[in-house]
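Student: return atomic coordinates for the entry below.
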Amino acid sequence: MKKPRSGFTTGSCAAFASRAAACHLLLGFIPKDIAIITPRGVRYSPTYHLNADGSVEVKKDAGDDPDVTDGMIIRAFLTCKYMDSGYIQVVIDGGRGVGQVTKPGLDQPVGNAAINHVPREMITENVMEVAEKADFHGTINVIIEADGGEEVAEKTFNPRLGIIGGISILGTSGIVEPMSDDAIIDTIRVEIHQRRVLGEKRLVMAFGNYGQEFLLRDYGVDLDSAVKCSNFIKDGLTIAEDEGFRDILLVGHLGKIVKVAGGFSNTHSKYGDCRMEILTSALLRSDAVATVDDLKALDACNTTEEAADLLASKGYMEQVMEVIKGEILDTIGRWVPDLHVDLMIYTINQGLIGTTI
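Tutor: From the prediction side, this is the model:
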């Protein structure tokens, strides 16, 4: 199998564009061999375009990662003020398409452009190197823009995190790893940390937004405001424990959360799909008096919606969910013993089918 191709972060794009723009501004030319070195030590020398106003733009290449910013134009525009001070100051801000931080608990303080600290360090380092070669003293102002950033940001976690008006300029290594689970987990970590900084005492965690309408209408649980752990249930709970949370409400559709009863720390189908086996085993071990035909019918169901409908129609739901809830809490207790976790389990057809509240 061909190895997926890596790409470069928006932070790398911004740093390269800033270096090239600094060369044009301070040296009067851009070297043919211009490049930057990412924090991981990889040389980055993309194709770039010098605009009439002296700004430099680079097209983001995310490699084989399905990054929503892939193909986006990242631009750096530099101005400077000469001073006889003997020092060099680099001031970085975001322009069109780059978001602004409006809530605490993120990488940058409220009011700053959403350009994280590693990209800021990369930009500063590269601009300073050019300034020193040019024997420049004074202040260099760097504005980073992202074409289409306002629209693309709506497809990211930025609105939930309180970053408005555009994307974030990100990257700790400068490299985009294809299909990186670490990137998703890092996003979950940022959101949980922010909730802690905002003073939340009880964390509502969900696998996704599926079923949000009836949960909000009937139970006042807004999945839009819950932390989404996606398939990374163990990681999400572990991060919550590490951040100091002790009280969690875990809300999940049966199709996802039943895997936790089977000990799955990641609920993605690539790690296995034993949902019907788990449910059938729970029915067999419950207080319900099930027939062999009913056990076979449950095991033959194609979806958990179908399975829940069968359990409800046969009158087995309550007994089975008692077993499932106990197994879920046993599993979570082994992962994060210091957390108190309550459960809300639902299906679309049957509604709330199990809770510990």
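Student: show me where the stretch 101-250 of the chain has strands.
Tutor: With DSSP state E, counting those that start in this stretch as the criterion, the stretch 101-250 of the chain has strands at 138-146, 163-164, 166-167, 175-176, 202-206, 227-228, 247-253.
Student: need the ones you listed in JSON lines with mean neighbour count, mean pLDDT and distance to residue 113, can you?
Tutor: In short, each C-beta sits where N, CA and C put it, glycine included. What follows is those, written out as JSON lines (neighbours: other CB atoms under 10 Å; pLDDT from 0 to 100; distance: least, CB to CB, whole Å):
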{"stretch": "strand 138-146", "mean neighbour count": "22", "mean pLDDT": "97", "distance to residue 113": "7"}
{"stretch": "strand 163-164", "mean neighbour count": "19", "mean pLDDT": "95", "distance to residue 113": "10"}
{"stretch": "strand 166-167", "mean neighbour count": "26", "mean pLDDT": "97", "distance to residue 113": "9"}
{"stretch": "strand 175-176", "mean neighbour count": "22", "mean pLDDT": "85", "distance to residue 113": "21"}
{"stretch": "strand 202-206", "mean neighbour count": "21", "mean pLDDT": "95", "distance to residue 113": "28"}
{"stretch": "strand 227-228", "mean neighbour count": "20", "mean pLDDT": "92", "distance to residue 113": "25"}
{"stretch": "strand 247-253", "mean neighbour count": "21", "mean pLDDT": "96", "distance to residue 113": "33"}
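Student: so for stretch 268-276, mean pLDDT?
Tutor: For stretch 268-276, mean pLDDT is 84.
Student: neighbouring contacts of that stretch?
Tutor: 231, 255, 258-259, 262, 264, 298-301, 304, 307 (CB atoms under 8 Å, 6 or more residues apart in numbering).
Student: of the residues you listed, which is the most crowded?
Tutor: residue 259 (28 neighbours; other CB atoms under 10 Å).
Student: show me the contacts for that one.
Tutor: 267, 272, 274-275, 278.
Student: include neighbour count when you put those residues into TSV, please.
Tutor: Shown next, in TSV, are the contacts of residue 259 (neighbours: other CB atoms under 10 Å):
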residue	neighbour count
267	24
272	13
274	16
275	22
278	22
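Student: buried residues, stretch 181-198. List them.
Tutor: Across stretch 181-198, burial judged by 16 or more other CB atoms under 10 Å covers 184-185, 187-196.
Student: coming back round to it: out of the strands of the stretch 101-250 of the chain, which comes closest to residue 95?
Tutor: strand 138-146 (4.1 Å; CB to CB).
Student: can you list the strands that the closest one pairs with?
Tutor: Here strand 138-146 has these sheet partners by DSSP bridges: strand 73-82 (antiparallel), strand 88-94 (parallel).
Student: so for whichever strand or helix holds residue 283, what gets flagged as buried?
Tutor: Per DSSP states H and E, residue 283 falls inside helix 275-285. If you call a residue buried by 16+ other CB under 10 Å, then helix 275-285 has these buried ones: 275-276, 278-283.
Student: kindly present those as CSV, with separate columns for distance to residue 174.
Tutor: Output for the buried residues of helix 275-285, formatted as CSV (distance: CB to CB, whole Å):
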residue, distance to residue 174
275, 40
276, 45
278, 42
279, 46
280, 49
281, 48
282, 48
283, 52
